[in-house]
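Engineer: fold the following, please.
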Amino acid sequence: MPGAFGDTYPPLAPSSYLVAIDAFEASVSIDHHYALTTVREVLSNPSTQLQQYQVNIASSELAFITRFALEVNGSTFEAKIEDASEARTAYNTTVEAGWGAALIETRDSKVTHISVGVPANSTVVVHLAFEEMVYRAHGAYSYKLPLVDALAGRAAASFTLEGRLTGSQNITSKSLTLGVLTKDSSKEFAFGFTASAYAPNRDLFVNWTEEEPSGAGSLLTHSAADGTVYFIHLFSPDGAGLSLNPVPKDIVFVIDNSGSMSGTKIVQARQAFKALCLDLLPGDRFTVLAFDDRLDWWNATLQDVTPETVAAAGAWIDKLSGRGSTDINASLQAGIHPLAGSGQTPILVFLSDGEATHGESRPGVIRSNLREANSAGASVFTLAFGPDADWILMQQLAFENNGSARRIAPSADAAEQIRGFYLTFSAPALSDVEFLYGETVAWAGPRAQGNAYGGSNLMVVGKLVRGATAIDVEVRGTAANGPVSFNASFTVEGTEAGAFVERAWAFERIRQLEREVTLGNASAKGELVGLALEYRFATPYTSLVAVQGPTTYVPAILIQQCLCSDGATASVQANTWFAGSPPSVPPSESAAASGRPALDVAVSVTPSSSAALAGASPVNVAVGAALAASLGLFAVALGLRIKSRR
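Structural biologist: Numbering: from 1, shown residues only. Purely as a prediction, here's the structure:
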């Protein structure tokens, strides 16, 4: 692989098995559904040569990384958050100065591990932190810490896990897949687990249910030091008593049956959509459309849900085999048509594993055509099946039509992934939902949220005007029996919940802005970047960067390989790092040859082979590192651009 001076450096082979994991410590803190996870991993190298170790970033697809740091010889080197373009500028400046760096750029992938070189007879401590909102789905909350991926089959000499959880309401049930309860009360519990020589064979899942807030929902506030009052408003259709009488729905399943779906994918799709038909409720109406460069209907009109129609649709789905090319535009136009004039809640579910290769292929035109045809205001839910699906387009189609998108990994549990996504919107409880606030609210959003579904909640975040002491709330919508309205008043003093509310507000606001940027709102990017920099979130548009000025010439060869979600090697630029004045030694000279052991840091991207990684999208990683471990000198540039999602 060419370097800055034309040299070719072979990729460095991993040697993680030569590095001992002296300790792995994970701490989980969940306050009112907002989770902060910190990980401390102690690595030692007893050998006489520098060894590499892959530190896996064990976060969920929805989390934002907020900290990355290395502790070497008693000194801790913290990454800082910067605009992603500044990370690129740092890389270019470094290379132009004759010093080495590495820049890896790829799309539709997720950073899954960081490669760390551990100097001979040395110890390195890695610190990671990430934050996320835990959303209610299928009637419960579920937090996941992917411990199996974190240690990748390796055993930690000392393994420690601790956690605490505080609910917004009384906790009605709880379960752990690892650990034991160390504290248990009506609204909170704590848990822990310790072991020696432990290699996790399961991930940590913390599952719990709570009494859902009645009426207009619940409110959490926090008065910041500058006087700003932030709030989170949670509305539960279950707590409001609406899910007992779900709104009947009209639903069209549109399934990609092109040639790329043949084999395992079409088998999984058949299994999934047959199961979805069985999950339909009495009073619903449905039909199924399969497409490639042709359109094939099970029935061109919506059919009542009966045992006979469900069985007939399942038998028809069983005959799908995969053929032809992909006409996304025609399939969407045809699929939305039966929903026009629907007297029930209209929903379209669209699955595809590729890009438009037949008929209209321009994404902007496809989006415009769907918006124009969607006179019924149907909610569109899209499933991007595998790494070749047009993930950006799938998000845009969903976001513009009051729905959501999900990436489905073509793994053994793909059918269950599809069904799990469907169950999040399978039981509409309220349509045309609108949140109204009194004059004490300076800003809140999103106020219009389309449908509310049984088993899940709706969330609004916002700020109050200066000096506000109370908030008036009204939630409106249309239930199965007609229009409904819920009203409540809250005091700021009575709803104060702590500083985490401000960070949760920022997290949700950034999530909202990501959607707007995806839909082409350029102005939203500025606000997104500003919030991410202020609150230290690594997003698609901000990077974690750590740079300390060089003082001594220390050449080091960087790790140079990056794998994308589709298994292909990404574009990689890697050079020898020079710290200090311009080198007088040939660039190809390694740290070992110079007698100065170096700590190399790089980021790798691995194939998205599990559901947990299926929601990842753009990544931009800038890396440059060299450490004269014996002298305690450090120079590293590490940039992360992480976009899951959702």
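
Engineer: looks to me like residue 310 is in a helix.
Structural biologist: Yes - the assignment for residue 310 is a helix, going by DSSP: H, G, I helix; E, B strand; the rest coil.

Engineer: where do the helices sit along the stretch 401-550 of the chain?
Structural biologist: For the stretch 401-550 of the chain, helices defined by DSSP state H, counting those that start in this stretch occupy the ranges 414-423, 492-495, 500-518, 522-535.

Engineer: the second one: how far from the chain's middle?
Structural biologist: Taking Cα atoms, centre = their mean, to the nearest Å, the mean C-alpha location of helix 492-495 is offset from the chain mean by 32 Å.

Engineer: I'd like to know which elements that helix is packed against.
Structural biologist: strand 218-223 (3 or more Cβ pairs under 8 Å, 6 or more residues apart in numbering; DSSP states H and E). Glycine gets a C-beta too; all of them are placed from N, C-alpha and C.

Engineer: what's the angle from the strand it packs on to helix 500-518?
Structural biologist: Orientation check (axes from the mean of the first three to the mean of the last three Cα atoms, to 10 degrees): strand 218-223 against helix 500-518 gives 100 degrees.

Engineer: touching, residue 118 and residue 45? I think so.
Structural biologist: Yes - in this structure, residue 118 is within contact of residue 45 by Cβ atoms under 8 Å, at 4.0 Å.

Engineer: overlap in contacts of these two?
Structural biologist: 19, 51 (Cβ atoms under 8 Å, 6 or more residues apart in numbering).

Engineer: which stretches of the stretch 301-450 of the chain form strands?
Structural biologist: Assigned by DSSP state E, counting those that start in this stretch, the strands in the stretch 301-450 of the chain fall at 303-304, 345-352, 379-385, 405-408, 428-437, 441-445, 448-453.

Engineer: for residue 158, which of these is the nearest?
Structural biologist: Evaluated over the strands of the stretch 301-450 of the chain, closeness to residue 158 peaks at strand 405-408, with 35.8 Å, by Cβ to Cβ.

Engineer: with distance to residue 20 as added columns, please give the strands of the stretch 301-450 of the chain in a markdown table.
Structural biologist: As requested, the strands of the stretch 301-450 of the chain are exported to a markdown table (distance: least, Cβ to Cβ, whole Å):
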| stretch | distance to residue 20 |
| --- | --- |
| strand 303-304 | 62 |
| strand 345-352 | 45 |
| strand 379-385 | 40 |
| strand 405-408 | 36 |
| strand 428-437 | 53 |
| strand 441-445 | 49 |
| strand 448-453 | 48 |
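
Engineer: can you redo those strands as JSON lines with mean pLDDT, mean neighbour count and distance to residue 292?
Structural biologist: Shown next, in JSON lines, are the strands of the stretch 301-450 of the chain (pLDDT from 0 to 100; neighbours: other Cβ atoms under 10 Å; distance: least, Cβ to Cβ, whole Å):
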{"stretch": "strand 303-304", "mean pLDDT": "96", "mean neighbour count": "15", "distance to residue 292": "23"}
{"stretch": "strand 345-352", "mean pLDDT": "94", "mean neighbour count": "27", "distance to residue 292": "10"}
{"stretch": "strand 379-385", "mean pLDDT": "94", "mean neighbour count": "27", "distance to residue 292": "14"}
{"stretch": "strand 405-408", "mean pLDDT": "90", "mean neighbour count": "27", "distance to residue 292": "19"}
{"stretch": "strand 428-437", "mean pLDDT": "94", "mean neighbour count": "21", "distance to residue 292": "31"}
{"stretch": "strand 441-445", "mean pLDDT": "94", "mean neighbour count": "16", "distance to residue 292": "40"}
{"stretch": "strand 448-453", "mean pLDDT": "91", "mean neighbour count": "20", "distance to residue 292": "31"}
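
Engineer: residue ranges in this protein under the pLDDT threshold?
Structural biologist: Scanning the chain for pLDDT under 70 picks out the ranges 1-17, 58, 87-88, 90-115, 545-646.

Engineer: domain parsing for it?
Structural biologist: Per the record, the chain has its domains at 16-208+539-639, 213-244+429-535, 249-426, by automatic domain parsing.

Engineer: which non-adjacent residue is nearest residue 84?
Structural biologist: Closest residue to residue 84 apart from its sequence neighbours, by Cβ to Cβ, 6 or more residues apart in numbering: residue 543 at 4.7 Å.

Engineer: and that neighbour, how many neighbours does it have?
Structural biologist: If you count neighbours by other Cβ atoms under 10 Å, residue 543 ends up with 28.

Engineer: for it, give its distance to residue 518.
Structural biologist: Here residue 543 is placed at a distance of 19 Å from residue 518 (Cβ to Cβ, to the nearest Å).

Engineer: hang on, the earlier thing: quick one: which of residue 118 and residue 45 has more around it?
Structural biologist: Between residue 118 and residue 45, counting by other Cβ under 10 Å, residue 118 is the more crowded of the two (28 against 23).

Engineer: in the sheet, who's paired with the more buried one?
Structural biologist: residue 51 (DSSP bridges).

Engineer: list the contacts for it?
Structural biologist: 19, 43, 44, 45, 50, 51, 52, 53, 124, 599.

Engineer: wait, the fifth one sits on residue 119?
Structural biologist: Yes - applying Cβ under 8 Å as the test, residue 50 and residue 119 come out as touching, 5.4 Å apart.

Engineer: so which of the helices of the stretch 401-550 of the chain comes closest to residue 237?
Structural biologist: Checked against Cβ to Cβ, the stretch from these lying closest is helix 414-423, at 14.7 Å.

Engineer: just give me the closest of the contacts of residue 118 to residue 381.
Structural biologist: residue 53 (40.7 Å).

Engineer: thought that closest one was touching residue 44?
Structural biologist: No - taking contacts as Cβ under 8 Å, residue 53 lies outside contact range of residue 44: 9.8 Å.

Engineer: the more surrounded of those two?
Structural biologist: Neighbour count, other Cβ under 10 Å: between residue 53 and residue 44, residue 53 has more, with 25 against 19.

Engineer: the more buried one and residue 73, how far apart?
Structural biologist: 17 Å.

Engineer: with residue 453 instead?
Structural biologist: Distance, residue 453 to residue 73, by Cβ to Cβ: 53 Å.
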